[in-house]
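1. Sequence first, predicted model second:
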Amino acid sequence: MPWKALSVLDHRREFVRLSRSGEVSVAELCRRFGISRQTGFTLLRRSREEGEAGLADRSRRPLSSPRQVPPEMAARILDLRAEHPRWGGRKLARRLRDLGLADVPAPSTVTEVLRRAGLIDPAEAAQHRPFTRFEREAPNDLWQIDFKGHFATAAGRCHPLTVLDDHSRYSLGIAACGRETLAEVQQRMTGLFRQYGLPGAILCDNGSPWGAAGHAGLRANQRTAFEVWLMRLGVATLHGRPRHPQTQGKEERFHRTLDVEVLQGRQFADLDDCQRAFNAWRPIYNEQRPHEALGLAVPASRYRPSRHAFPERLPEPDYHADDKIRRVGVHGYVQWQGQKVPLSLAFAGLDVALRPTETDGVWSLHFMRFNLGWIDTRGPKAILTTVRDVSEHPSSISPV
């Protein structure tokens with residue numbers, strides 16, 4: 001099923017926000033969102049003239065009631081804290097300024113207001129320490145994807161699938177899935193690719209469905225159907241080191257935030273109930289919640305849609321005129337110089353290319369623009385050494 005249960009207003013807000021980045025034309029965004037160009041330009045005009053109220057179905061309801069008298073600053077701090085019980089002084093102060101309030105006190109003063117109100121746990125506050133972070137240089141250079149630990153609902157179990165942009169920490173999607181299958185992931189990712197475009201690479205762990213771990217008949221260095229699908233789209237797949245979840249530290253941190261701000265202490269009826277909660281919280285995370293790693297900016301301020309649109313039909317492999325083309329057999333073998341070289345079942349029925357290297361008898365193996373490894377025919381039996389073999393054991397082959 002697609003990324004579902006988003007309200008019409010949510011889609012309109014996202015359309016307007018992405019169009020303002022200028023990275024993708026309005027016509028292309030209209031195509032991705034499934035609306036006409038006339039509708040798209042109408043939404044942009046209403047947004048300029050009326051703000052968010054103009055995105056509703058011709059509603060003119062103001063964002064705030066003019067009859068409300070602005071409370072004292074301490075009350076505003078406590079009110080905002082009640083909305084976001086896990087936010088500290090720095091986030092609250094930044095959010096109040098983003099909301100346009102004048103004379104917002106310093107974060108330390110906001111923290112003191114919380115402390116006087118008995119809302120600061122000294123033991124928990126002592127655990128928070130800054131650490132060095134690393135990030136990609138631009139939005140869509142790298143997305144991180146993972147399933148958060150599943151939990152029970154009244155109707156079964158929910159497996160939250162989350163996708164995060166590495167540079168901006170922008171949450172591209174949170175999906176309440178009933179299973180952790182390739183078909184489920186492809187359907188969800190297709191919806192994201194259509195809306196946001198294609199990233200340069202995707203970082204995931206080594207588990208199913210994206211990693212070989214747990215796949216019967218696959219060596220740990222063999223490609224999976226998920227990876228081959230991404231390669232056909234021109235998207236590289238990166239895997240974290242086994243038993244090192246910190247490789248996907250941003251996803252791990254996002255999961256902790258999701259757990260604390262959405263899941264803890266709540267009971268859900270079914271997957272739709274979970275999805276409604278995810279959809280309600282995601283705009284808060286992206287557009288309201290100041291992020292420590294971003295200097296208290298919000299992720300939406302740093303995210304832009306990708307220029308690389310999703311192709312509705314997978315492109316066929318295209319190679320150089322002097323490449324040696326071989327079709328992978330139904331059992332995942334490449335036939336080369338009279339020998340069957342095991343590659344991966346994920347490539348069955350697809351063409352790969354071989355190119356000579358500077359070492360006689362060693363051929364580089366390619367699928368579309370991706371180098372898969374090297375086939376060494378210098379011995380009595382042809383041996384395939386994958387790119388991953390080399391990365392894990394650099395002395396295993398000298399291809400050039």
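-> Nice, thanks for sending it over. Because the structure is predicted, anything quoted here is derived from the model rather than measured.

2. Would you map the helices across the stretch 251-400 of the chain?
-> Secondary structure of the stretch 251-400 of the chain, counting by DSSP state H, counting those that start in this stretch: helices at 271-287, 387-392.

3. Over to Asp10: give its phi and psi.
-> Main-chain dihedrals, Asp10, degrees, to the nearest 10: phi -60, psi -50.

4. Pro283 is in contact with that one, correct?
-> Yes. Counting by Cβ atoms under 8 Å, Asp10 touches Pro283, with 6.9 Å between them. (Each C-beta comes from the backbone N, C-alpha and C, glycine too.)

5. Pick out whichever of the two has more residues nearby.
-> More crowded of Asp10 and Pro283, by other Cβ atoms under 10 Å: Pro283, with 18 against 15.

6. residues contacting that one?
-> Counting by Cβ atoms under 8 Å, 6 or more residues apart in numbering, Pro283 touches 10, 13.

7. Please apply the same query to Arg266.
-> Ala277.

8. show me where the stretch 251-400 of the chain has strands.
-> 324-327, 333-336, 339-342, 351-356, 362-367, 370-376, 383-386 (DSSP state E, counting those that start in this stretch).

9. do the stretch 51-200 of the chain as well
-> All strands of the stretch 51-200 of the chain, identified by DSSP E, counting those that start in this stretch, fall at 143-147, 151-153, 156-165, 171-177.

10. avg pLDDT for the last one?
-> On average, the pLDDT along strand 171-177 is 96.

11. Torsion angles phi and psi at Ala106?
-> phi -60, psi 150.

12. domains for this structure, by residue range?
-> Domains of the chain are assigned by automatic domain parsing as 73-126, 143-301, 324-396.

13. of all these, which lies closest to Val24?
-> Distance to Val24, taken as Cβ to Cβ, is lowest for domain 143-301 among these, at 6.7 Å.

14. and that closest one, how far out from the chain's middle?
-> Put simply, domain 143-301 sits 6 Å off its chain's centre (Cα atoms, centre = their mean, to the nearest Å).

15. do stretch 92-102 as well
-> Worked out by Cα atoms, centre = their mean, stretch 92-102 lies 28 Å from the chain centre.

16. contact partners of it?
-> 73, 76-77, 80-81, 84, 87, 104-107, 110, 114, 288-290, 296, 298.

17. Swap in 7 Å and give it another go.
-> Contact with stretch 92-102 is made by 76-77, 80-81, 104-107, 110, 288, 290, 296, as judged by Cβ atoms under 7 Å, 6 or more residues apart in numbering.

18. where in the stretch 1-150 of the chain is pLDDT low?
-> 1-6, 58-72, 113, 116-135 (pLDDT under 70).

19. Repeat the analysis, applying 50 as the threshold.
-> The model of the stretch 1-150 of the chain has pLDDT under 50 over residues 1-4, 59-71, 123, 126-127, 129-132.
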